[in-house]
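Asks: output the structure for:
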Amino acid sequence: SAADPTLPLDAWGPRIADGDLEQAERHEQTRRAIEICGRCPILDACRTYANTETPEGLLAEPDGIWGGQTSLERHRALIGRRTAQPVSDVQIAEAGSEPKRRLLAALARETDEELVAYRAGMDVRTANWHRSALCSLLGLDKETATRQQLLDFARHHDLLPANVRIVPDGRWPVVAAPTTDG
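Replies: Residues are numbered from 1 along each chain as shown. Predicted structure coming up:
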């Protein structure tokens with residue numbers, strides 16, 4: 001919020017009282033808050049966290065703006081994940097290509113995108129493209145899926161051997177398919 005001191009802190013919070021602002025002003029505050037999120041260095045981590053499902057099947061952050069997304073966008077993504085089509089054999093075969101298997105093995109060992117690319121024998125851009133393609137092939141949302149979810153799906157579909165040790169993300173979930181444009 002330091003990027004725009006004229007924007008109130010509650011612009012990112014849940015809308016509790018609908019009548020406190022005019023609709024146009026509410027929409028403008030939301031737009032400005034999302035614009036500021038777009039310049040935030042932890043946008044991907046914030047978005048991943050907010051879209052993480054709790055053990056009860058709810059969103060970690062059901063209200064407010066998180067990671068440049070409104071609560072409605074996050075809920076629509078959750079519904080989309082729940083109603084996604086099953087993964088076909090053709091998609092599994094394509095996800096099992098040699099470059100994608102190398103990337104999955106590297107992704108299990110590393111959380112840093114540059115180290116993942118190095119271990120997979122690719123440049124960062126190619127590695128991120130393969131990560132994005134894997135998310136699509138396995139029916140995961142590229143914007144909200146976590147690294148752990150991608151690796152769990154890969155293990156479930158026998159794309160990653162069960163004996164491969166997965167390095168934990170740490171305190172915050174790592175995004176599955178980071179964008180290369182920052």
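Asks: tell me the centre residue of the chain?
Replies: residue 144 (2.6 Å; Cα atoms, centre = their mean).
Asks: wait, a strand at it?
Replies: No: checked against DSSP: H, G, I helix; E, B strand; the rest coil, residue 144 lies outside a strand; its state is coil.
Asks: that one and residue 46 touch, don't they?
Replies: No: the pair residue 144 and residue 46 does not pass the contact test of Cβ atoms under 8 Å, sitting 11.1 Å apart. Heads up, the C-betas are built off the backbone N, CA and C, glycines and all.
Asks: okay, now the unreliable bits of this protein?
Replies: Flagging of the chain using pLDDT under 70 yields the residue ranges 1-2, 16-20, 84-85, 171-172, 178-182.
Asks: helices of that one, residue ranges please.
Replies: 23-37, 43-51, 71-82, 89-95, 98-109, 113-120, 124-137, 147-156 (DSSP state H).
Asks: point out the most buried one among these.
Replies: helix 43-51 (a mean of 22; mean count of other Cβ atoms under 10 Å).
Asks: who are the packing partners of that one?
Replies: helix 71-82 (3 or more Cβ pairs under 8 Å, 6 or more residues apart in numbering; DSSP states H and E).
Asks: what residues does the helix it packs on touch?
Replies: 14, 50-51, 53, 59, 61-66, 69, 140-141, 143-144 (Cβ atoms under 8 Å, 6 or more residues apart in numbering).
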